[in-house]
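S.K.: here's a sequence, model it:
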Amino acid sequence: MMSSSPAVLVLAPLGRDAKIAASILATNQIASHICDSLEETVSLLDEAQCLVVAEEALISSDRTRFAAWLENQPAWSDFPIVLLTMRGAEVDTRLAFLDRYLIVLERPFLASSLANSVRSALRARARQREVQSYIEQKQEVADRQKLLIRELHHRVKNTLANVRAMMGATVRSSGNVQDFVRDFSARLVSLADTHSMLTDDYWQTASLHRLLESELGHYETHDRPRIVLEGPNVALVADIAIPVGMAFHELASNSSKFGALSRPKGRLDVRWSVGTSGDTQVVNLAWRERDGPEVEQPKRRGFGTTLLERVVAVQCDAKVELNYHRDGLQFTMALPLRNTRLVPTY
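M.R.: Predicted coordinates:
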């Protein structure tokens, strides 16, 4: 076997043709490998760029595997072959299957004739490889388009399901039409903001810090900052980012109405870190409010509680805990991270 992958295979087992051809190629800075049999040659064709072969080497061998390899080449490939024949003789009819790929060189040949023939073959192979690269790039583009279409289908279905759930929950928690319009509109805007982050990012992820910033930025006071966001950069795939973004909206909205952000001196700390659980990375996030009104356990479950305890916990496989401490709401979440989208095949 070859220690590296020379561009040219040489098969001429009789006489000194193989050594002479290899020496000529080496003089012209063309790497080659002398094969002992057609069987060895066929096993190396996938890595080679050209074959120099004596006519008698093919005639005296079983050509079945060789012919099958040539026949089964991909559409972009016409593997170049330099066939060494005897001067004045016609190419043996048993080698007619080589017509598409053949450069015929009569022996005895000039060193320059062999070098030029092989260079011509290598240039042709290089152009074929360029075509291969172009075809593969087009296929990658087509595959990505298919993925994006599936992603869009998946995203639209999930978004419509989220909107329907939000509408039902908002209706149940609203005292009048004005409350419904206000709360439902705010939730739609939050959902749209999360989708914008995902769409703007090539990899379809959203930054955890940006999700929090988007929901909490309107409540910050620049003269006396009262919101702390602290943690490493974490990118969330869409299946996680959408419900987590909605959860942050509910926490921020409730805090602005009933919690720390409803008071000028209220404070909010959101800190997170990334750890591991087995082979999975996990974001450990803590939301802590203080210096707000005294907190009481709500008398009924609202949309926010349902979202945190059911949607985030189930859809994101997260462990969440919501504690109504008298001195301020505390929310903790252990969120397993995923590197890929759960896009189904339609």
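
S.K.: least trustworthy helix or strand in this protein by mean pLDDT?
M.R.: Every helix and strand of the chain was ranked by mean pLDDT, DSSP states H and E. The lowest is helix 303-306, at a mean of 69.

S.K.: any idea what sits nearest residue 100, other than its immediate chain neighbours?
M.R.: Closest residue to residue 100 apart from its sequence neighbours, by CB to CB, 6 or more residues apart in numbering: residue 78 at 5.8 Å. Placement of C-beta: from N, CA and C, glycine included.

S.K.: what do you get for residue 59?
M.R.: Here the residue nearest residue 59, using CB to CB, 6+ apart, is residue 92, at 5.7 Å.

S.K.: doesn't residue 54 make contact with the one you found?
M.R.: No. The pair residue 92 / residue 54 is not scored as a contact, 11.6 Å apart, by CB atoms under 8 Å.

S.K.: please confirm that residue 51 is located within a helix.
M.R.: No. Counting by DSSP: H, G, I helix; E, B strand; the rest coil, residue 51 is not part of a helix but strand.

S.K.: distance check, residue 267 against residue 227.
M.R.: Residue 267 sits 8 Å away from residue 227, going by CB to CB, to the nearest Å.

S.K.: same thing with residue 86?
M.R.: Using CB to CB, one gets 89 Å for the distance from residue 86 to residue 227.

S.K.: sorry, back to before: and residue 267 and residue 227? Which one has more around it.
M.R.: More neighbours surround residue 227 than the other of residue 267 and residue 227, with 20 against 17 (other CB atoms under 10 Å).

S.K.: list the buried residues in whichever strand or helix holds residue 18.
M.R.: Assigned by DSSP states H and E, residue 18 belongs to helix 17-27. Across helix 17-27, burial judged by 16 or more other CB atoms under 10 Å covers 17-18, 20-22, 24-25.

S.K.: how about stretch 54-66?
M.R.: Applying 16+ other CB under 10 Å to stretch 54-66 flags 54-58, 61, 63, 66 as buried.

S.K.: those residues in helices, which ones?
M.R.: 55-58, 66 (DSSP state H).

S.K.: and those as CSV, adding distance to residue 193?
M.R.: Shown next, in CSV, are those (distance: CB to CB, whole Å):
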residue, distance to residue 193
55, 73
56, 75
57, 70
58, 69
66, 62
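
S.K.: ok, which pair from the residues you listed is furthest apart?
M.R.: Among those, the pair separated by the greatest distance (CB to CB) is 56 and 66, at 14.5 Å.

S.K.: the helices in the stretch 201-346 of the chain, which residues?
M.R.: Residue ranges of the helices in the stretch 201-346 of the chain, as given by DSSP state H, counting those that start in this stretch, are 208-216, 238-258, 303-306.

S.K.: nearest to residue 116, out of these?
M.R.: Comparing the helices of the stretch 201-346 of the chain by CB to CB, helix 238-258 comes nearest, at 57.2 Å.

S.K.: buried ones in the closest one?
M.R.: 238-255.

S.K.: could you give the angle of it to helix 208-216?
M.R.: Angle of helix 238-258 versus helix 208-216, following axes from the mean of the first three to the mean of the last three CA atoms, to 10 degrees, is 30 degrees.

S.K.: which helices and strands sit right next to helix 238-258?
M.R.: Packing partners of helix 238-258 (3 or more CB pairs under 8 Å, 6 or more residues apart in numbering; DSSP states H and E): helix 111-173, helix 177-200, strand 205-207, helix 208-216, helix 303-306, strand 328-336.

S.K.: only alpha carbons, please: show the helix holding residue 18 as PDB.
M.R.: Backbone C-alpha positions of helix 17-27 (Å, rounded to 0.1, in the frame of the first residue of the first chain) are rendered in PDB as follows:
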ATOM      1  CA  ASP A  17       8.600   0.000 -18.500                       C
ATOM      2  CA  ALA A  18       7.300   0.700 -15.000                       C
ATOM      3  CA  LYS A  19      10.600   1.800 -13.500                       C
ATOM      4  CA  ILE A  20      11.400   4.000 -16.600                       C
ATOM      5  CA  ALA A  21       7.900   5.600 -16.500                       C
ATOM      6  CA  ALA A  22       8.200   6.300 -12.700                       C
ATOM      7  CA  SER A  23      11.700   7.800 -13.200                       C
ATOM      8  CA  ILE A  24      10.500  10.100 -16.000                       C
ATOM      9  CA  LEU A  25       7.500  11.300 -13.900                       C
ATOM     10  CA  ALA A  26       9.800  11.800 -10.800                       C
ATOM     11  CA  THR A  27      12.100  14.000 -12.900                       C
END
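
S.K.: domains for the protein, by residue range?
M.R.: Domain assignment for the chain by automatic domain parsing gives 8-135, 193-336.

S.K.: pLDDT on the shortest one, on average?
M.R.: It stands for domain 8-135. Domain 8-135 shows a mean pLDDT of 92.

S.K.: now residue 107, which residues is it bridged with?
M.R.: On the basis of DSSP bridges, residue 107 is bridged to residue 86.

S.K.: that one reaches residue 83, doesn't it?
M.R.: No. The pair residue 107 / residue 83 is not scored as a contact, 10.5 Å apart, by CB under 8 Å.
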